[in-house]
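Asks: coordinates only, sequence not included:
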C-alpha cells in the first residue's frame, strides 16, 4: 500500500514538473498565470508518446485523469513539456496551434478535476452555469451527443479561441507598429509617419497601441464549431441561440483564475518580455534618427 501511494505521488509530482517550464513561459509571454496550470498539474498525470493517428497532438483521458502529449511536444533537453520558445523555434509560423491545443486539453483536465469537483467559489459558479444551463441546451439542441461531452468540448474550444485571439491581437499590434517579427525588421506605416514627427526618440522607440480598437478581448472570443468523436457540430445549427452570457461566464472564470490580459494595452506589457522583439528599440531609434537628420 505504501509503495502504491509513493508511486501515485511521484506520478502527480512529475506532472507538475512536466508543466513547470511551460507554465512559466505562458506567464512570461502572454501574462497567463502559471499558478492555475500547476494546480491542474497537481491533479492529473502526464505522459508523452506517439498516437496511432500521427497528427494528434494531445488527448485527455477522463477515466485516468491523464493527458497524453505527442512525443513531439516533449523537450529533448529537459524531458518536460516544451516551452513556448521551444515551440516557436521549431515552428515559427504555426507554434500557436500547438499552444492552443495544450491549453485546450488542460481545460478538459481542469473542468474534470477542479471545476466539477468544487463546492464553492468561482469554480462552482462556472460549474453551475455549465451543468444547469449549457448542458440542458446541448440536450435540447444536439440530442445525439451526450450533453456533458458537448459542455467539455465547448469549454475546450473556448480556451482554444482565447489563445487564437491573443495572437491575433499581438499580430495586430506588431503590424500597426511596423514590425516584421520573422525578419527582425521595422518599417513606417502611415500612423508612425505621423508620430515620428512629434514624439521624442525615446517615446518613438517603444511599442504602442496605435489602434482605436482597444476593446476587451472577451468581445472577440467565441465558438461556432466543436469536434466530438470524429464529427463537427455547428452551434449555429441549433434551434435555440447559444446565449452570450454563457461565453461571458467562461471568460469571467478564466480571467479570474488565470489573470488573463484583457485588452491590447495589457498584451503590450507582455510583448516587452519577448526576446525576439528586443531589436525593436534600436530599429525604431534608427528610423527616428534618419528622419530627423533630413529635416
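Replies: Thanks, I have it. What you are looking at is a predicted structure, and each value in this text was computed from that prediction instead of being measured. Numbers count the residues shown, from 1 in each chain.
Asks: Could you chop this structure up by domain?
Replies: 1-90, 118-295 (automatic domain parsing).
Asks: shaky segments in the chain?
Replies: The chain contains residues with pLDDT under 70 at 1-13, 54.
Asks: Spell out for me which residue occupies the centre of it.
Replies: Residue closest to the mean C-alpha point of the chain, counted by Cα atoms, centre = their mean, is residue 163 at 3.3 Å.
Asks: give the contact list for that residue.
Replies: Residues in contact with residue 163 (Cβ atoms under 8 Å, 6 or more residues apart in numbering) are 96, 99, 100, 103. Where C-beta positions appear, they are placed from N, C-alpha and C, glycine not excepted.
Asks: For it, which non-adjacent residue is closest in space?
Replies: residue 100 (4.0 Å; Cβ to Cβ, 6 or more residues apart in numbering).
Asks: Now name the helix or strand holding the one you found.
Replies: helix 95-110 (DSSP states H and E).
Asks: what residues does that helix touch?
Replies: Contacts of helix 95-110 (Cβ under 8 Å, 6+ apart): 22, 36-37, 40, 43-44, 57-60, 62, 65, 67, 69, 73, 81, 84, 87-88, 91, 152, 155-160, 162-164, 167.
Asks: ok, which pair from the contacts of residue 163 is furthest apart?
Replies: 96 and 103 (10.3 Å; Cβ to Cβ).
Asks: Between those two, point out the one with more neighbours.
Replies: residue 103 (22 against 19; other Cβ atoms under 10 Å).
Asks: Which residue is the nearest non-sequential neighbour of residue 248?
Replies: residue 218 (6.8 Å).
Asks: cool, residue 88 as well?
Replies: residue 95 (4.5 Å).
Asks: tally of neighbours for the one you found?
Replies: The number of residues near residue 95, taken as other Cβ under 10 Å, comes to 18.
Asks: related to what we said a few turns ago, of the contacts of helix 95-110, grab the buried ones for PyMOL.
Replies: With 16 or more other Cβ atoms under 10 Å as the criterion, this PyMOL line picks the buried residues out of those:
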select buried, resi 22+36+37+40+43+44+57+58+60+65+67+69+73+81+84+87+88+152+155+156+157+158+159+160+162+163+164+167
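Asks: when you check the contacts of helix 95-110 against the strands, which ones overlap?
Replies: The members of the contacts of helix 95-110 that map onto strands under DSSP state E are 58, 59, 60, 67, 69.
Asks: Touching, the third one and residue 47? I think so.
Replies: If I follow you right, that is residue 60. No: judged on Cβ atoms under 8 Å, residue 60 makes no contact with residue 47 at a distance of 11.5 Å.
Asks: Relative to residue 124, how far out is the residue nearest to residue 248?
Replies: 21 Å (Cβ to Cβ, to the nearest Å).
Asks: if you count what's nearby, which of those two comes out ahead?
Replies: Neighbours per residue (other Cβ under 10 Å) separate residue 218 from residue 124, with residue 218 holding more: 20 against 14.
Asks: which ones are touching the more buried one?
Replies: Residue 218 touches 247, 248, 251, 255, 262, counting by Cβ under 8 Å, 6+ apart.
Asks: Any figure for the gap between it and residue 36?
Replies: For residue 218, the distance to residue 36 - Cβ to Cβ - is 18 Å.
Asks: And residue 265, by the same measure?
Replies: Note on residue 265: its distance to residue 36, by Cβ to Cβ, is 23 Å.
Asks: next one: stretch 40-58 to chain centre, how far?
Replies: Put simply, stretch 40-58 sits 17 Å off its chain's centre (Cα atoms, centre = their mean, to the nearest Å).
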